[in-house]
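**Q** Predicted structure and sequence below. I'll ask about it afterward.
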Amino acid sequence: MTQVLVVDDSLTLRQLIRAILEPAGYHVIEATDGVEGLAALRAHANPMVVLLDYQMPNLDGMGVLQAVTDTGGPLLAHDYIVISANQATFPSVFIDLLRHLSIRVLAKPFERDVLLATVEQAAERLASPSSGGLPPEDGADTE
């Protein structure tokens, strides 16, 4: 069973994502901000799909990804998807980081089927022996 870590400060959104993903067979773990998200990433040895909100208190999505990049190793083995309603306001340094790490962006609000398809694709990449658990090198979807 693929684990999905949902890092978002919105309880409503975390509950909605759980309600969509668990019936589809995913095990959902929640974190309320980037600090909790990093702790959860460090606590789980197996690669996970990570749905990471861009704007959060304490440590935002960019801060989490910078920490992941700085730490490297096992934290890079997860498949990250940034979720945001504010892609147009991403600073260029964040867009460069997304491209460097080949991270996709899922626009809020999203449809149920789009979320399921995005998570399924990420889970398939994690399971692919050729990827070694790392995201593909095709660049981030920041449109």
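**A** Done, it's in. Remember, predicted model here, so these are calculated numbers, not experimental data.

**Q** top helix in this protein by residue count?
**A** The residue-count maximum for a helix in the chain (DSSP state H) belongs to helix 112-127.

**Q** quick one: buried residues of that helix?
**A** 115-116, 118-120, 122-123, 125-126 (16 or more other C-beta atoms under 10 Å). Any C-beta I mention is one placed from the backbone N, CA and C, and that applies to glycine too.

**Q** cool, stretch 35-46 as well?
**A** Those would be 35-38, 40-41, for stretch 35-46 by 16+ other C-beta under 10 Å.

**Q** List the contacts of residue 83.
**A** If a contact means C-beta atoms under 8 Å, 6 or more residues apart in numbering, then residue 83 has 8, 51-54, 105-108, 110 as its contacts.

**Q** Next: residue 52.
**A** 7-8, 34, 37, 61, 64-65, 80-83.

**Q** The host helix or strand of it to helix 112-127, inter-axis angle?
**A** According to DSSP states H and E, residue 52 maps onto strand 49-53. Inter-element angle recorded for strand 49-53 and helix 112-127: 130 degrees (by axes from the mean of the first three to the mean of the last three C-alpha atoms, to 10 degrees).

**Q** Good, we can wrap up now.
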